[in-house]
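Student: sequence first, then the predicted structure, then my questions.
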Amino acid sequence: MKEIAVVILNYNGRTLLEEFLPSVISHSNGASVYIIDNNSEDDSVDFLKTQYKDQLTVISLAKNYGFAGGYNEGLKKVSEPYWCLLNSDVRVTENYILRPLEILKTSVDIVAVQPKIKSERQPDHFEYAGAAGGFLDYLGYPFCRGRLFQHIEEDNGQYDDEIEVFWTTGACMFIKRSAFEEAGGFDTTYFAHQEEIDLCWRLHHQGLKLLYTSKSTVYHLGGSTLTNHNPFKTYLNFRNSLFTLMKNLLAVEIPFIVFNRLLLDGVAGMVFILQGKPKHTLAIIKAHFSFYFAIPRLVKQRRRIQPKFRTRKPLSIVIQHFILNRKKISKY
């Protein structure tokens, strides 16, 4: 058995597979390659079995479980001790596996590693989903080195390092199989979006560490499944963020942080109205009601998780960006 598996989740993604899979096949020497197919309605599976019959394994699911559920179901059939969970719209580079795998193999408490994520559209810039490592501010808003809200930095070597991070992106996450399974995998109620932040927070509660390394680079297209113009994406992001906070915050933090997030979500809804995007405002309202109805379940999940880890950054990226007009956070 090989040490590491590269695992890609696919749903109706033949076009993406045609474009990005060749780099994975070329640069994943020594790794097993799996495609988990989320019951695609296009000819993705036929394409894979015809073009890559001897180079990868297709795991076909009976229905579309979403991002979180699709990985959870498919990974039950992947036995390698180390995994690289890779989006189907990612172009990898030569030796992208080597340093992350080395870190995971030689460290007991580091259980997940993220490479440098750059933009396929603008290769000299970071990419929104992960950039140079993810963090949370004190209100639980996610941000990255190299990306603050919609401002994306050019890569000038400013993040050529290896540091601990709060979360690693699901676009390309190297993780120990044992850690993923012991943490319970992704929360399937999320369907998609921010499930990796929740997983990473749960790993922190177990006293484990996550790392970013610039010694591995991949290029992410981004927005291939749901674009920022899709109200369903707005719904998932706002709802899942509240889910994550309710499950993982310390009890003493919940009243202040969740209340303020609900207020700021209301402000965001008003902004969408002013921008002529009422469907996105409605999506936020639906997200809030979904959160309220889910509170009993979230409380039960909290009891199992037993939160121990605070959000790490005593700053507000909302104030930093929208009031102080800062385009990046220079200190972590």
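Tutor: Alright, I've got the coordinates.
Student: Leu104 - how many residues pack around it?
Tutor: 22 (other C-beta atoms under 10 Å). Using the backbone N, CA and C atoms, a C-beta is placed for each residue, glycine as well.
Student: again, but for Lys327
Tutor: Residues near Lys327, counting by other C-beta under 10 Å: 12.
Student: same question, Asn39
Tutor: There are 14 residues near Asn39, going by other C-beta under 10 Å.
Student: hey, which helix is longest across this protein?
Tutor: helix 278-305 (DSSP state H).
Student: mind giving me the packing neighbours of that helix?
Tutor: Secondary structure elements in contact with helix 278-305, counted by 3 or more C-beta pairs under 8 Å, 6 or more residues apart in numbering; DSSP states H and E, are helix 231-248, helix 254-274.
Student: list the buried residues of the longest one.
Tutor: Of the residues in helix 254-274, those with enough neighbours to count as buried (16 or more other C-beta atoms under 10 Å) are Ile257, Val258, Arg261, Asp265, Ala268, Gly269, Phe272.
Student: re the thing from before, report the buried residues of the longest helix of the chain.
Tutor: Neighbour-count burial for helix 278-305 [16+ other C-beta under 10 Å]: 280-281, 283-284, 286-288, 290-291, 294, 298, 301-302, 305.
Student: same deal with stretch 114-121?
Tutor: Of the residues in stretch 114-121, those buried (16+ other C-beta under 10 Å) are Gln114, Pro115, Lys116, Ile117, Lys118, Ser119, Glu120.
Student: now stretch 49-59
Tutor: Tyr52, Leu56, Val58, Ile59.
Student: check those and tell me the two furthest apart.
Tutor: Tyr52 and Ile59 (13.5 Å; C-beta to C-beta).
Student: avg pLDDT for stretch 262-271?
Tutor: On average, the pLDDT along stretch 262-271 is 94.
Student: stretch 106-123 now?
Tutor: Mean predicted confidence for stretch 106-123 is 97.
Student: can you offset everything so residue one is 7?
Tutor: With the count now opening at 7, the last piece we talked about shows up as stretch 112-129.
Student: could you export it as PDB, CA atoms only?
Tutor: Extracted C-alpha coordinates of stretch 112-129, given in PDB (Å, rounded to 0.1, in the frame of the first residue of the first chain):
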ATOM      1  CA  THR A 112       7.900  13.500  11.100                       C
ATOM      2  CA  SER A 113       5.600  15.400  13.500                       C
ATOM      3  CA  VAL A 114       3.300  13.900  16.100                       C
ATOM      4  CA  ASP A 115       1.100  16.900  16.800                       C
ATOM      5  CA  ILE A 116       0.900  18.500  13.300                       C
ATOM      6  CA  VAL A 117      -1.900  16.700  11.600                       C
ATOM      7  CA  ALA A 118      -2.800  18.900   8.700                       C
ATOM      8  CA  VAL A 119      -0.700  21.000   6.200                       C
ATOM      9  CA  GLN A 120      -1.700  23.500   3.600                       C
ATOM     10  CA  PRO A 121       0.500  24.500   0.600                       C
ATOM     11  CA  LYS A 122       0.700  28.000  -0.900                       C
ATOM     12  CA  ILE A 123      -2.600  28.500  -2.800                       C
ATOM     13  CA  LYS A 124      -2.100  30.800  -5.900                       C
ATOM     14  CA  SER A 125      -4.700  31.900  -8.500                       C
ATOM     15  CA  GLU A 126      -5.000  30.000 -11.700                       C
ATOM     16  CA  ARG A 127      -6.400  33.100 -13.300                       C
ATOM     17  CA  GLN A 128      -3.700  35.500 -11.900                       C
ATOM     18  CA  PRO A 129      -0.700  33.200 -11.300                       C
END
